[in-house]
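> predicted model and sequence follow; I will ask about them next.
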Amino acid sequence: MASNESSARQRKDLDEKLTSLDGQLHVLKSDQERTYQLYLRQGAAATFVSEKLGELAVKIAEVETQIVHRSEQRQALAEQIDAALGYVAKTRYPHRNRVIFLLSVKGFRAKEIASLTWDMVTASDGKIGNSIRLQDVAK
């Protein structure tokens, strides 16, 4: 299960990094557009603005490259998860094992998964609920 916890952390880290990079890209493109508008004005120092546009173009290219790289990592991780689910489907208890695997991918630790009870996962009508009610009970 340790590798599943690691996968969950990797996935979360990749998602956070992609969100951050998307934000950086937006800011850089906005700066680029504002700088370009300065360039178009007659009173702006053309050399400074031209250099600034060049710097921004380089930074934008770097961020776009990072986004592509992180997206590829994310895709590879998704493929690994799909492969693991394919394997789990062929085990003796595929439904149980799928639930255990998916909970571990979401970041649950082995002890937390092993400690789940029906009360934690069922709704008041006795059907499987939409959420898990975790209880903070030391054992």
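Thanks, I have it.

> what about R133, neighbour count?
Using other Cβ atoms under 10 Å, R133 has 12 other residues around it. Just so you know, the C-beta spots here come from the backbone N, C-alpha and C atoms, and that holds for glycine as well.

> check contacts around the residue nearest to it when sequence neighbours are not counted.
Among residues not flanking R133 along the chain, M120 sits closest, at 5.0 Å (Cβ to Cβ, 6 or more residues apart in numbering). Residues in contact with M120 (Cβ atoms under 8 Å, 6 or more residues apart in numbering) are 132-135.

> cool, T91 as well?
Residues in contact with T91 (Cβ under 8 Å, 6+ apart) are N97.

> and F101, how many neighbours?
Count around F101 with other Cβ under 10 Å applied: 20.

> what comes up buried for the host helix or strand of R98?
Using DSSP states H and E, R98 falls within helix 94-105. Across helix 94-105, burial judged by 16 or more other Cβ atoms under 10 Å covers 97, 100-101, 103-105.

> what do you get for stretch 14-30?
Result for stretch 14-30 [16+ other Cβ under 10 Å]: buried residues 14, 17-18, 21, 24-25, 28.

> contacts only, for the residue lying closest to L21 once chain neighbours are set aside.
Closest residue in space to L21, ignoring its immediate chain neighbours: I67 at 4.9 Å, by Cβ to Cβ, 6+ apart. Listed by Cβ under 8 Å, 6+ apart, the contact partners of I67 are 18, 21-22, 25.
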